[in-house]
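[1] pasted the sequence and its predicted model underneath.
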Amino acid sequence: MKKFVPVLSTVAAAALVLTACGGDSSSSGDGLSIEVPDVPMMEAVGEPEGQLNIVNWSGFVEPAWTDKFTAETGCVVNPRVAGTSDEMVTLMRTGQYDLVSASGDASLRLIVGGDVAPLNLDLIQNFSDDIVPGMKGQIYDTINGQAYGVPIGRGANILQYNEEVTGTAPDSWSVVWEADSPYAGKVTAYDAPIYIADAAVYLMYHNPELGITNPYALDATQLAAAVDLLKQQNAIIGEYWSDPAAQIGSFVGGNTVVGTSWEILRKLSGEEKLKGTLPKEGSTGWYDAWMLSSTAANPNCAYLWMDYVSTADVNGQIATTFGMAPANGAWCESSEDAKAHCEQYHATDEAYFDQIWPWTTPIEQCVDGRTDVKCTSFQDWTDAWLTIKG
Amino acid sequence: MTSVLQVPEPPTPAEVKVAAARTSRQNRRGLLWLLTPPTAWLLVLYIGSLFFLLITAFWFINPFTSKVVPGFTLENFVSIFTVPAYFATAVRSLLIALAVTLIAIVLAVPIAIYMAKIASPPMRAFLAVTITLPLWAGYLVKLIAMRVVFTENGFLNWLLAPFGISGPGFNTSTVIITLTYLWFPFMALPVYTAVRQIPHSYFDASADLGAKSWRTIRTVVLPLIKPAIIAGSVFTFSLSLGDYLVARFVGGSTQMIGSIIASNINLNPPVAAAFSFVPIAFVLVYLWVVRKMGALERL
């Protein structure tokens, strides 16, 4: 029996490579195989359980579209709003929830931790060609060719500025990174470890000798360089933000002049003087996807939900409520309002999103394909992040 | 009528003993009923949660999945001293708490003396209401109010603009001012009560002996209200040390111990648990110093 083991493992490895290569061609992780726990996939959707417990971002699960879902399927939706990706991961690990609207900085952690199950896309008919190409088969929700997430929407981390103070649009992120920034003391930054990637994007452009090719694949030296940049930034920071309302207040109140933001926050501020721009270095962005808990008590309702919210209509409602680019491109053609919304959020503008690096959980295996070094994991980023703020 | 009254036989010593035993047994049962809820509360909720906190501080975090793994390591405690940002934050929080306590004392003593000994009764009532009024408002409301006051286009800068100066904005000094505002009543009330209890004759005697007001305060009032000041300082010190929302809302990029616990609670619970021992350690040392000064006996 022992003799067959190497043979078997070779076959398994070959199959793995085949699956990886045979995955969606738009996958940025082509040829990259990541070790994940073996979690069974659902084969068929059965009788709805009557309940569905979701961990979600504010605005993703609203009566405007859950009532219809409940009427159609009998599944009562119980949403639990989380404020940060880390909170979402913690909540999902309690095992009390069936679904999560995970951003890219949470998804790989959940997949690798065995907290979420692979998805059977055949059971989600509305996951179709209408999903915009930039949100299909991406590394943050598709591992080894296997889908773990159903795309919801995406948004870029833009550079927001107070035009009354800056005069013109800054063309570079340097105003938030360099010690001699004219807005020192009035700079804001996003308060989460994933913000290290923004430093890496800046270094990628300005310090090519560091050899960063993907801001989520940093070896120890590259991470140290990013941390140094963040420490330099710490000296010119006015406030870090994680609470959107506080960030809006800070910009409106004049304490913050430049800093990272989302299009929806700029819009919500209702201030003409606040503008957003995508600087020449490019930026990071959040791409959200529904993910199914590996211990879901109501998997049938969960599949029905993922199918329901992927329709152009519901996906569009979520995108307008939260203020992001919808995953379902077909919605953009449905009305004049939808068209205007998609235009403002660059929904089908892949050239725009080509400049955006989707949030991805950093793991030890380099997601840029390097095999000669070990990359820093999210835990390393977390530890580093907490030492930056002093 | 009196003849109808029967004089009971005096109980024999044996009967007394039995009766006493019965009452003491009844008392003990009653006492048990009375003490069970608070004891259970203390053991299960209070000590129990502290115990789990203590345990987590010695556990690991899986670097791959970021999950907490039971085990034993002192790494989390070591990081408090070896990571410069952590150590600086611990020291900063200590200094902030001491500054808040000191400012509260300096403000509370004169106000208390004025209220208790000089002010007219209506004025005294007015001041008492003014000092306690903030206690009736929600903590977050007070905090947001301070944020509005100190914001760049806010009330303070509007007030200071004619003089050509501007407020501190959001930084460590704003944290100290806000914490002092929040916890001042906890210092002012015990000090005021203590000053009120000093008889007027002490002041008269001091004046008769030729002491001026400053000397009277220093040699008569302060020694008498020392226990009250220490009682108040235990509150201002420990409440300031454990606070984190103030630093978050009006501190700009200022970090306190609570900020580190808050950012670690989801990312690295063992470090958060280890860090929650820092304020406990500070407060224990503080109480020990206070005890050494002999002030605890009169609390």
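    That came in fine, so what should we check first?

[2] so A:P279 belongs to a helix, correct?
    No - counting by DSSP: H, G, I helix; E, B strand; the rest coil, A:P279 falls outside a helix, being coil.

[3] burial of it, as a residue count?
    Neighbour count of A:P279, defined by other C-beta atoms under 10 Å in any protein chain shown: 20. C-beta here means a position set from N, CA and C on the backbone, and glycine is covered the same way.

[4] hang on, it packs against A:P170?
    Yes - at 6.6 Å, A:P279 counts as touching A:P170 under the criterion of C-beta atoms under 8 Å.

[5] where does the chain dip in pLDDT?
    Assuming you mean chain A. Along chain A, segments meeting pLDDT under 70 span A:1-31, A:390.

[6] chain B was what I was after
    Checking chain B against pLDDT under 70 turns up B:1-24, B:63-66, B:294-299.

[7] please enumerate the strands of it.
    In order along the chain, chain B carries the following strands (DSSP state E): B:60-61, B:68-69.

[8] would a markdown table of those strands with mean neighbour count and distance to B:G30 be doable?
    Below are those laid out as a markdown table (neighbours: other C-beta atoms under 10 Å in any protein chain shown; distance: least, C-beta to C-beta, whole Å):
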| stretch | mean neighbour count | distance to B:G30 |
| --- | --- | --- |
| strand B:60-61 | 18 | 48 |
| strand B:68-69 | 14 | 44 |
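
[9] quick one: contacts for A:S242?
    A:83-84, A:190-192 (C-beta atoms under 8 Å, 6 or more residues apart in numbering or on different chains).

[10] so which of these reach chain B?
    Taking C-beta under 8 Å from any C-beta of the partner chain as the test, chain B is in contact with A:84, A:191 out of the contacts of A:S242.

[11] find the residues that touch each one of A:P279 and A:P170.
    Residues touching both A:P279 and A:P170 (C-beta under 8 Å, 6+ apart): A:L159.

[12] stretch A:34-53 near chain B anywhere?
    No - contact of stretch A:34-53 with chain B is not found when judged by C-beta under 8 Å from any C-beta; the minimum separation is 9.4 Å.

[13] how about the top helix by length along chain B and chain A, touching?
    Secondary structure of chain B per DSSP state H: the longest helix is helix B:84-113. Yes - residues of helix B:84-113 are located near chain A by C-beta under 8 Å from any C-beta, namely B:84-86, B:88-89.

[14] and these, which of them are buried?
    Among the residues of helix B:84-113 next to chain A, the ones that count as buried by 16 or more other C-beta atoms under 10 Å in any protein chain shown are B:85-86, B:89.

[15] can you tell me which of those residues is nearest chain A?
    Taking C-beta to the nearest C-beta as the measure, B:A85 is the one of those closest to chain A, at 4.3 Å.

[16] so what touches stretch A:336-345?
    So stretch A:336-345 is in contact with A:155, A:263, A:316, A:319-320, A:323-326, A:329, A:331-333, A:347-348, going by C-beta under 8 Å, 6+ apart.

[17] out of those, name the ones that lie in strands.
    Under the assignment DSSP E, the contacts of stretch A:336-345 contribute A:155, A:325-326 to strands.

[18] list just the nearest of these to chain B.
    Comparing the ones in strands among the contacts of stretch A:336-345 against chain B with C-beta to the nearest C-beta places A:G155 closest, at 22.1 Å.

[19] now for the closest one: which residues touch it?
    A:G155 sits next to A:262-264, A:285-286, A:323-325, A:345 when contact means C-beta under 8 Å, 6+ apart.

[20] can you add neighbour count and give those residues back as JSON lines?
    Formatted as JSON lines, the contacts of A:G155 follow (neighbours: other C-beta atoms under 10 Å in any protein chain shown):
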{"residue": "A:W262", "neighbour count": "23"}
{"residue": "A:E263", "neighbour count": "19"}
{"residue": "A:I264", "neighbour count": "17"}
{"residue": "A:G285", "neighbour count": "24"}
{"residue": "A:W286", "neighbour count": "22"}
{"residue": "A:G323", "neighbour count": "19"}
{"residue": "A:M324", "neighbour count": "27"}
{"residue": "A:A325", "neighbour count": "27"}
{"residue": "A:Y345", "neighbour count": "25"}
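
[21] how about those residues in CSV, adding distance to A:I248?
    Formatted as CSV, the contacts of A:G155 follow (distance: C-beta to C-beta, whole Å):
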residue, distance to A:I248
A:W262, 10
A:E263, 13
A:I264, 10
A:G285, 19
A:W286, 18
A:G323, 12
A:M324, 16
A:A325, 20
A:Y345, 18
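
[22] taking these one by one, which sit in helices?
    Residues of those located in helices (DSSP H): A:263-264.

[23] from the contacts of A:G155, pick the one nearest chain B.
    The nearest one, if we look at these relative to chain B and count by C-beta to the nearest C-beta, is A:W286, at 17.3 Å.

[24] can I assume that closest one is in contact with A:S103?
    Yes - counting by C-beta under 8 Å, A:W286 touches A:S103, with 4.6 Å between them.

[25] shared neighbours of those two, anything?
    Counting by C-beta under 8 Å, 6+ apart, the residues touching both A:W286 and A:S103 are A:W359.

[26] please enumerate the helices of the stretch 51-200 of chain A.
    Ranges of helices in the stretch 51-200 of chain A, per DSSP state H, counting those that start in this stretch, are A:63-73, A:85-92, A:104-112, A:163-166, A:174-177, A:196-206.

[27] dump the last one to PDB, keeping only the CA atoms.
    What follows is the C-alpha trace of helix A:196-206 in PDB, where atoms were taken according to Å, rounded to 0.1, in the frame of the first residue of the first chain:
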ATOM      1  CA  ILE A 196      -0.300  49.000   5.000                       C
ATOM      2  CA  ALA A 197      -1.100  48.000   1.400                       C
ATOM      3  CA  ASP A 198      -1.700  51.700   0.600                       C
ATOM      4  CA  ALA A 199       1.800  52.400   1.700                       C
ATOM      5  CA  ALA A 200       3.000  49.500  -0.500                       C
ATOM      6  CA  VAL A 201       1.200  50.900  -3.500                       C
ATOM      7  CA  TYR A 202       3.000  54.300  -2.900                       C
ATOM      8  CA  LEU A 203       6.300  52.500  -2.600                       C
ATOM      9  CA  MET A 204       5.700  50.400  -5.700                       C
ATOM     10  CA  TYR A 205       5.600  53.600  -7.700                       C
ATOM     11  CA  HIS A 206       8.300  55.700  -6.000                       C
END
